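Novice: I'd like to go over a predicted model; first the sequence, then the structure.
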Amino acid sequence: LQICADVGGSFVDIAIVSDEAEVLHRARSPTPIDDWDAFVALFREAQGRHGPLLPAAAAVSISLAGLIDGATGAIISANIRCLHGRALARDLEAALGRPVLINNDADCFVLAETRLGVARGHTRVFGIVLGTGVGGGLVHDGRLVTSPEGVGGEWGHGPVVTKARNDPAETPYFQCGCGQWGCLDTVGAARGIERLHRYLHGLDLDSSSITGAWERDDPQAAETMALYLDIVSGALAALLNTYRASIVPVGGGLAGSRRLVRELDAHVRQRMLRPPAAPLIVGTALGGRAGLLGAMLAVRG
Ligand SMILES: [Zn+2]
């Protein structure tokens, strides 16, 4: 048994995960974006509840929506401001008196889908997370591909947004949380769809309203989503020509739209060299449990 947590920009899930990958006693709270003490309190409370079940040295394992610098342990998280720049593992260990291990959420997601989910049996897996922003993780021959800088698989950064084919008015370069302009991250996930919709139509809607309107064939939402699919599929097709993943599991909030997953797959395969005949981009099999399960698996290596 192990305490595992999935820390996202909107919610923190904390649960006990068994060696047989059962998720037990899962509790969900809103992420205390700006409040470190409240963040620690969530973990203190979980430890108080579950600690007696666990060996004293059992680690707390966290899947985090952010990057972890391998040398300093410092977190880069544009969305969870109380963690940004903090050596999170060290500070949380001091508060809990247990080892704390932290991995990037997309890395945890792809590991879980490869070992337990939709990508089982595949040797080349690129997992993408379309949540608040764009994340990615790579599993090659069953092992996570990581880098000391903590940015392996992060396909959302570096200026990639150029004039899209279907762009009615030339998408501008938006500024990204990483400091650059024009990153895929600025248009490629939930905040990005909202940004594109505001830019094209001057309307402030949340991403689920926009994808919902798209499902009902609303013309403005259709225009936004055509531009979205054009930009994201171009970047993803280039990446998949470079690394021929045999499956691309999609997680994050946007993966809840089956139409989005299906159309992204169709657009990407249209634009790849020698695309596979069968779908390549597929929805998650583990759903909201992938982060917790991946956190457990990441500790085992
Ligand atoms: Zn960026």
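Specialist: Done, it's in.

Novice: around the ion, which positions in the stretch 51-200 of the chain sit nearby?
Specialist: 157, 176, 178, 180, 183, 185 (C-beta under 5 Å from the ion). Using the backbone N, CA and C atoms, a C-beta is placed for each residue, glycine as well.

Novice: in PyMOL, how would I select the buried members of the residues you listed?
Specialist: In PyMOL syntax, the buried subset of these is picked out as below (16 or more other C-beta atoms under 10 Å):
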select buried, resi 157+176+178+183+185
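
Novice: JSON lines please, covering the residues of the stretch 51-200 of the chain next to the ion and showing secondary structure, distance to Ser29 and pLDDT.
Specialist: Listed next are those as JSON lines, based on DSSP: H, G, I helix; E, B strand; the rest coil; distance: C-beta to C-beta, whole Å; pLDDT from 0 to 100:
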{"residue": "His157", "secondary structure": "coil", "distance to Ser29": "29", "pLDDT": "89"}
{"residue": "Cys176", "secondary structure": "coil", "distance to Ser29": "28", "pLDDT": "89"}
{"residue": "Cys178", "secondary structure": "coil", "distance to Ser29": "28", "pLDDT": "83"}
{"residue": "Gln180", "secondary structure": "coil", "distance to Ser29": "33", "pLDDT": "90"}
{"residue": "Cys183", "secondary structure": "strand", "distance to Ser29": "30", "pLDDT": "92"}
{"residue": "Asp185", "secondary structure": "helix", "distance to Ser29": "26", "pLDDT": "92"}
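
Novice: what about Glu223, which helix or strand?
Specialist: If you go by DSSP states H and E, Glu223 is part of helix 219-242.

Novice: what helices or strands is that helix leaning on?
Specialist: Helices and strands touching helix 219-242, by 3 or more C-beta pairs under 8 Å, 6 or more residues apart in numbering; DSSP states H and E, are strand 124-130, helix 190-201, helix 207-215, helix 258-271.

Novice: need the winner for burial among those.
Specialist: strand 124-130 (a mean of 28; mean count of other C-beta atoms under 10 Å).

Novice: which residues sit against the helix or strand following it?
Specialist: Next along the chain after strand 124-130, taking DSSP H and E as the criterion, comes strand 134-140. Here strand 134-140 makes contact (C-beta atoms under 8 Å, 6 or more residues apart in numbering) with 65, 104-111, 114, 119, 123-129, 144-145, 152-156, 184-185, 188-189, 192, 243, 245, 252.

Novice: ok, now stretch 14-28?
Specialist: By C-beta under 8 Å, 6+ apart, stretch 14-28 touches 1-5, 11-13, 29, 42-43, 46, 49-50, 53-54, 116, 289, 292-293, 295-296.

Novice: stretch 56-63 now?
Specialist: Residues from elsewhere that reach stretch 56-63, judged by C-beta under 8 Å, 6+ apart: 1-7, 43, 47, 88, 92, 96, 98-105, 108-109, 291-292, 294-296, 298-299.

Novice: tell me which of these fall in strands.
Specialist: Among the contacts of stretch 56-63, DSSP state E puts 2-7, 100-104 in strands.

Novice: of those residues, closest to the ion?
Specialist: Taking C-beta to the ion as the measure, the ion sits nearest to Asn104 out of these, at 15.0 Å.

Novice: check contacts around the closest one.
Specialist: For Asn104, the contact set (C-beta under 8 Å, 6+ apart) comprises 63-64, 66-68, 135, 137, 150, 153.

Novice: so where's the stretch 101-250 of the chain uncertain?
Specialist: Counting by pLDDT under 70, the stretch 101-250 of the chain has low-confidence residues at 161-169.

Novice: which residue does the stretch 201-301 of the chain have closest to the ion?
Specialist: Ala235 (12.4 Å).

Novice: possible to save the helices and strands packed on helix 219-242 as JSON lines with distance to Ile75?
Specialist: Listed next are the helices and strands packed on helix 219-242 as JSON lines, based on distance: least, C-beta to C-beta, whole Å:
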{"stretch": "strand 124-130", "distance to Ile75": "17"}
{"stretch": "helix 190-201", "distance to Ile75": "19"}
{"stretch": "helix 207-215", "distance to Ile75": "25"}
{"stretch": "helix 258-271", "distance to Ile75": "29"}
